[in-house]
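1. all I have is the shape, not the residue letters:
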């Protein structure tokens, strides 16, 4: 309970003021816990941010997994996964703010470590299924998964930094789905855009 309260308090402050302008004392006050309680769960403010970033990514990936699982075909599963990933950030301002701050706070190496735990397994699993069912072009799955996730991350950057996140998401979806469709033995396109 205390850990969740600290994460929620920190999220509100990081979104409102930014990482650098937020102190551990302020996080403790916002969370209605002692400063010692904050340090009991997190070694420092940076670790707290890393946990928060991981939680944001994990929440997005849970939504992606649920939506993709309801798709009728393997290709539609990939389409819905990509769309949901981008639209989740387009719809959640606080997630976009956290994502924008992450490179400066955590650095690319730490972000990559978190992504490899939280998001890459889903992408890799989807590609392995397409390979095992004979639908994937003869490409190395691990390398392809990393490249696709890199594409998703760059698309998400466009969404988080754009003046109009919804429009940025739609544009990124269109490009990304044409690129992903080329990985299949029978090339696919996304078809008409799904209704939000």
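-> Noted; the coordinates are in hand. Note that this is a predicted model, so its numbers are computed, not measured.
2. and what about residue 19, helix, strand or coil?
-> coil (DSSP: H, G, I helix; E, B strand; the rest coil).
3. give the buried residues for stretch 25-40.
-> 27, 28, 30, 31, 33, 37, 38, 39 (16 or more other Cβ atoms under 10 Å). The C-beta positions use only the backbone N, C-alpha and C, and glycine is treated the same way.
4. got these as a markdown table, with distance to residue 127, pLDDT and secondary structure columns?
-> Listed next are these as a markdown table, based on distance: Cβ to Cβ, whole Å; pLDDT from 0 to 100; DSSP: H, G, I helix; E, B strand; the rest coil:
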| residue | distance to residue 127 | pLDDT | secondary structure |
| --- | --- | --- | --- |
| 27 | 39 | 95 | helix |
| 28 | 44 | 95 | helix |
| 30 | 41 | 94 | helix |
| 31 | 40 | 93 | helix |
| 33 | 43 | 93 | coil |
| 37 | 42 | 91 | helix |
| 38 | 40 | 93 | helix |
| 39 | 41 | 93 | helix |
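5. make a markdown table out of those and add distance to residue 8.
-> A markdown table is the format used below for these (distance: Cβ to Cβ, whole Å):
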| residue | distance to residue 8 |
| --- | --- |
| 27 | 10 |
| 28 | 13 |
| 30 | 8 |
| 31 | 7 |
| 33 | 11 |
| 37 | 14 |
| 38 | 12 |
| 39 | 17 |
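6. does residue 130 sit in a helix or strand, and which one?
-> helix 120-132 (DSSP states H and E).
7. mean confidence for that helix?
-> The average pLDDT within helix 120-132 is 94.
8. which strands and helices sit next to it?
-> Helix 120-132 is packed against helix 45-69, helix 74-91, helix 141-161, with contacts defined by 3 or more Cβ pairs under 8 Å, 6 or more residues apart in numbering; DSSP states H and E.
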